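1. sequence first, then the predicted structure:
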Amino acid sequence: MSLRTIITPPDPRLRRICAPVERVDASVLALMDDMLETMYDAPGIGLAAIQIAVEKRVIVVDVAKRKDDAASADPICLANPEIVWTSEERSTYEEGCLSVPDFYEDVERPARCRVGYLDRNGKYQEIEADDILATCLQHEIDHLNGILFVDHLSRLKRDRILKKFSKTAKLEHPFPKARAAL
Ligand code: NI
């Protein structure tokens with residue numbers, strides 16, 4: 001496993017539509033392992049492959065792991081994830097993103113969703129999610145379609161964040177990472 005660099009705006013790769021994997025082979029498993037290591041190190045609760053500049057439809061999430069407690073880890077690795085159902089009921093979470101560090105804004109999404117995907121054995125599975133896991137899965141699947149959480153905000157807010165961000169992208173940000181980022 002190795003730590004990978006997380007890309008940030010205005011890197012145009014964050015806007016690409018990622019390609020499905022043909023099968024879950026050793027290279028995809030190695031990618032998932034690198035993504036988990038990178039996500040835990042950040043730390044974050046979700047990561048899409050494109051955030052480490054790999055244009056594949058692969059995401060990892062773990063909403064269970066507590067800081068400095070490896071035993072609480074409960075990762076899910078998903079290849080070719082697709083949302084197959086969303087609830088009409090909606091919920092709002094304050095979202096962040098490892099590719100847009102230190103910015104957090106309320107985003108409204110369907111409160112529950114069901115996602116079909118290939119697991120680490122290449123077997124088709126469906127997971128039904130609510131609460132923060134539902135938000136996290138939708139956020140990560142957005143990444144595979146070139147969508148960032150700021151795209152769900154008003155144009156004014158989004159432009160303000162991306163503009164500020166592109167100016168400070170190469171500087172060390174002064175604020176500590178306190179909250180969960182996806
Ligand atoms: Ni993100």
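-> Looks like it came in fine. Remember, predicted model here, so these are calculated numbers, not experimental data.
2. up against the ion, what does the chain have?
-> For the chain, the residues in contact with the ion (C-beta under 5 Å from the ion) are C97, L182. C-beta coordinates here come from the backbone N, C-alpha and C atoms, glycine included.
3. ranges for the helices of this protein?
-> 26-41, 131-144, 155-168 (DSSP state H).
4. in the longest one, what counts as buried?
-> Neighbour-count burial for helix 26-41 flags V28, L31, M32, D33, D34, M35, L36, E37, T38, M39, Y40 (criterion: 16 or more other C-beta atoms under 10 Å).
5. now this structure against the ion: closest residue?
-> As assessed by C-beta to the ion, the ion sits closest to C97 within the chain, at 3.2 Å.
6. count the residues that sit near S91.
-> Using other C-beta atoms under 10 Å, the number of residues around S91 comes to 16.
7. for it, list the residues it contacts.
-> Counting by C-beta atoms under 8 Å, 6 or more residues apart in numbering, S91 makes contact with E108, R109, P110, A111, D131, A134, T135.
8. of the residues you listed, buried ones?
-> R109, P110, A111, A134, T135.
9. can those go into a markdown table with extra columns for pLDDT?
-> Formatted as a markdown table, the buried ones among the contacts of S91 follow (pLDDT from 0 to 100):
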| residue | pLDDT |
| --- | --- |
| R109 | 98 |
| P110 | 98 |
| A111 | 98 |
| A134 | 98 |
| T135 | 98 |
